[in-house]
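# pasting the structure only:
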């Protein structure tokens, strides 16, 4: 299979040439996407890099990392590349790890691979504490919104994707800025694509992050909540119905009733005396059954993580059409 690399380029002039120089011969094409970079990184690459594989794409206006990657995806698909790897240009991602991201897709075990910086405990100890805590919180929220419960490190941008899957993605709907990596997982789940974590170590040096946690946190919370609701609706009510489709609303209704009724009775009897055993049970029982129903739904959702690769499901159809 033919492999292409996409490198979003925004304020990475100090590192991008070393990243390009470390990309091995297994890659046929390298797309550097100048996302209206104020450092004119596209011109810098064209003037300084002699690698014939490199092609510079330009945005007239800044579209964010997601917009830059989508531009690279479109170009790679148009030129017929089978696997598209996304690398950052700031030097944090080791290009020599690229075969480890490509191999699961080549073997037909995955449709999309992504890096996981938390696999090696010694590497985790060297990670900045703020990044460690932030990524742990984001990983927990992403499990709910994406449905990929086995994954960690959702903001990791070292990824590879099979063109058959990328071709089905709604490029115009995917978040274009810092929520891009997480939104990609949600979109991949709607296709029932198989996603696999690849252990890696990040390299931290003098690069400057453009992500401001306080500024994006409200946006991230709102988008996670939106994607969670959409994913559950798509998977459990629009495309299919299962026992989990009953467990979720039943659990929510019973839990809400038990808490509401219990709070009302507690306020009422705090003034007139102790509540009867029946009143207590009428509040406690719905809470217990509601919690059990929600846990059952959660267990079903975890067990429903996609396991059959998208590329395998669609390969016979593609072969039939070709014939």
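Here it is on my side, so go on. Given the structure is predicted, the values throughout are model-derived calculations rather than measurements.

# residues of stretch 98-110 that come out buried?
Under the neighbour-count criterion of 16 or more other C-beta atoms under 10 Å, stretch 98-110 has 98, 100-102, 104-105, 110 buried. C-beta coordinates here come from the backbone N, C-alpha and C atoms, glycine included.

# low-confidence regions, the chain specifically.
122-128, 130-131, 202-216, 273, 314-323 (pLDDT under 70).

# would you mind measuring from the residue of it positioned farthest from its centre to residue 265?
Taking C-alpha atoms, centre = their mean, the residue of the chain most remote from its mean C-alpha position is residue 272, at 53.5 Å. Distance, residue 272 to residue 265, by C-beta to C-beta, to the nearest Å: 10 Å.

# distance to residue 280 and secondary structure added to the buried residues of stretch 98-110, as JSON lines?
Output for these, formatted as JSON lines (distance: C-beta to C-beta, whole Å; DSSP: H, G, I helix; E, B strand; the rest coil):
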{"residue": "98", "distance to residue 280": "61", "secondary structure": "helix"}
{"residue": "100", "distance to residue 280": "57", "secondary structure": "helix"}
{"residue": "101", "distance to residue 280": "56", "secondary structure": "helix"}
{"residue": "102", "distance to residue 280": "60", "secondary structure": "helix"}
{"residue": "104", "distance to residue 280": "54", "secondary structure": "helix"}
{"residue": "105", "distance to residue 280": "56", "secondary structure": "helix"}
{"residue": "110", "distance to residue 280": "51", "secondary structure": "coil"}
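
# now these in TSV, with distance to residue 167?
As requested, the buried residues of stretch 98-110 are exported to TSV (distance: C-beta to C-beta, whole Å):
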residue	distance to residue 167
98	21
100	24
101	19
102	18
104	19
105	14
110	16
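
# if we only consider those residues, which is nearest to residue 199?
Distance to residue 199, by C-beta to C-beta, is smallest for residue 100 among these, at 8.1 Å.

# the nearest residue to the closest one once chain neighbours are set aside: neighbouring residues, count only.
If the residues on either side of it in the chain are set aside, residue 100 comes closest to residue 198, at 5.4 Å by C-beta to C-beta, 6 or more residues apart in numbering. For residue 198, the neighbour count with other C-beta atoms under 10 Å is 20.

# residue 198 pairs with what?
In this entry, residue 198 is beta-bridged to residue 115, by DSSP bridges.

# could you chop this structure up by domain?
3-235, 241-322 (automatic domain parsing).

# thinking again about what came up before, could you verify my assumption that the residue nearest to residue 100 touches residue 118?
No - Residue 198 is not in contact with residue 118 according to C-beta atoms under 8 Å; the separation is 11.9 Å.

# who are the packing partners of the helix or strand encompassing residue 5?
For residue 5, the host element (DSSP states H and E) is strand 3-9. For strand 3-9, the elements it packs on are helix 16-21, strand 29-34, helix 41-48, helix 64-78, strand 83-86, helix 98-106, judged by 3 or more C-beta pairs under 8 Å, 6 or more residues apart in numbering; DSSP states H and E.

# what's next to the fourth one, contact-wise?
Put plainly, it is helix 64-78. 4, 6-10, 29, 31, 33, 35, 55, 57, 59, 63, 84, 86, 157, 161, 163, 166-167, 169, 171, 174-180, 183 (C-beta atoms under 8 Å, 6 or more residues apart in numbering).

# what's the ChimeraX syntax to select whichever of these are buried?
In ChimeraX, a selection of the buried entries from the contacts of helix 64-78 looks like this (16+ other C-beta under 10 Å):
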select :4,6,7,8,9,10,29,31,33,35,55,57,59,63,84,86,157,161,163,166,169,171,174,175,176,177,178,179,180,183
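
# between the buried residues of stretch 98-110, which is nearest residue 138?
Among the buried residues of stretch 98-110, and counting by C-beta to C-beta, the member closest to residue 138 is residue 101, at 20.7 Å.

# please identify the helix or strand for the closest residue to residue 250 other than its chain neighbours.
Nearest residue to residue 250, sequence neighbours excluded (C-beta to C-beta, 6+ apart): residue 293, at 5.0 Å. Counting by DSSP H and E, the element that carries residue 293 is helix 277-303.

# what helices or strands is that helix leaning on?
helix 243-272.

# which parts of the helix it packs on are buried?
Those would be 244-245, 247-248, 250-251, 254-255, 258, 261-262, 265, for helix 243-272 by 16+ other C-beta under 10 Å.

# relative to helix 277-303, how tilted is that helix?
150 degrees (axes from the mean of the first three to the mean of the last three C-alpha atoms, to 10 degrees).

# would you confirm that residue 275 contacts residue 262?
No - using C-beta under 8 Å, residue 275 is not in contact with residue 262; the gap is 9.4 Å.

# any residues in contact with both of the two?
By C-beta under 8 Å, 6+ apart, no residue touches both residue 275 and residue 262.

# how many other residues sit next to the closest residue to residue 8 other than its chain neighbours?
Closest residue in space to residue 8, ignoring its immediate chain neighbours: residue 68 at 3.6 Å, by C-beta to C-beta, 6+ apart. Neighbourhood size, residue 68 [other C-beta under 10 Å]: 28.
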